[in-house]
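Colleague: build me a model from this:
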Amino acid sequence: EVQLVESGGGLVQAGGSLRLSCAASGITFDDYDIGWFRQGPGKEREGVSCISYNHGSTYYSDSAKGRFTVSSDIPKNTVYLQMNDLKPEDTAVYYCAAKRTVGSRRLCRDSGVDAWGQGTLVTVSS
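Modeller: As a prediction, this is how the structure comes out:
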């Protein structure tokens, strides 16, 4: 059974930083890509950043480029999302998701994943 557990969300002032973690079990990063998605108030869910160990690729949405960094710790089976220079518009519930490897861009931009985490709330105050 695939399990994804996010942590690290919270309240931060604009310009601050947070690091989200996604601890995965039941999968290996050789076979599964991991993505970070978010859904803000009144907005559709969007792919923020995705990583494919198998394809050796990372993907960032336009809103994430230059501010967010995705990385993976293979021995810990954990993916991180370092978020810097946070803005109020980054306020959202952030989810990690897993999908059998398709590449980071396809994971972030195409619909359909194999498993979701429960989400962690990020609130950025102005």
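
Colleague: who touches residue 110 in this structure?
Modeller: Residue 110 makes contacts with residue 102, as judged by C-beta atoms under 8 Å, 6 or more residues apart in numbering. Quick note: C-beta positions are derived from backbone N, CA and C, even for glycine.

Colleague: distance check, it against residue 64.
Modeller: Going from residue 110 to residue 64 by C-beta to C-beta, to the nearest Å gives 17 Å.

Colleague: repeat for residue 33
Modeller: 16 Å.

Colleague: cool, and residue 40?
Modeller: Using C-beta to C-beta, residue 40 is found at 13 Å from residue 64.

Colleague: do residue 85 as well
Modeller: Distance, residue 85 to residue 64, by C-beta to C-beta: 11 Å.

Colleague: tell me which of the two has more neighbours.
Modeller: Between residue 85 and residue 64, residue 64 has the larger neighbour count (other C-beta atoms under 10 Å), namely 21 against 12.

Colleague: next, give phi and psi for the more buried one.
Modeller: Phi and psi for residue 64, reported as degrees, to the nearest 10, are phi -100, psi -20.

Colleague: right, and it touches residue 50 too?
Modeller: No - using C-beta atoms under 8 Å, residue 64 is not in contact with residue 50, being 10.2 Å away.

Colleague: would you map the strands across this protein?
Modeller: Ranges of strands within the chain are 3-7, 10-13, 18-25, 32-39, 46-52, 57-60, 68-73, 78-83, 92-100, 115-116, 120-125, based on DSSP state E.

Colleague: need those strands in TSV (columns: mean neighbour count, mean pLDDT and distance to residue 106).
Modeller: Below are those laid out as TSV (neighbours: other C-beta atoms under 10 Å; pLDDT from 0 to 100; distance: least, C-beta to C-beta, whole Å):
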stretch	mean neighbour count	mean pLDDT	distance to residue 106
strand 3-7	17	97	19
strand 10-13	13	98	31
strand 18-25	19	98	18
strand 32-39	25	97	8
strand 46-52	24	97	8
strand 57-60	18	98	9
strand 68-73	17	97	15
strand 78-83	22	98	17
strand 92-100	22	97	9
strand 115-116	16	97	16
strand 120-125	17	98	24
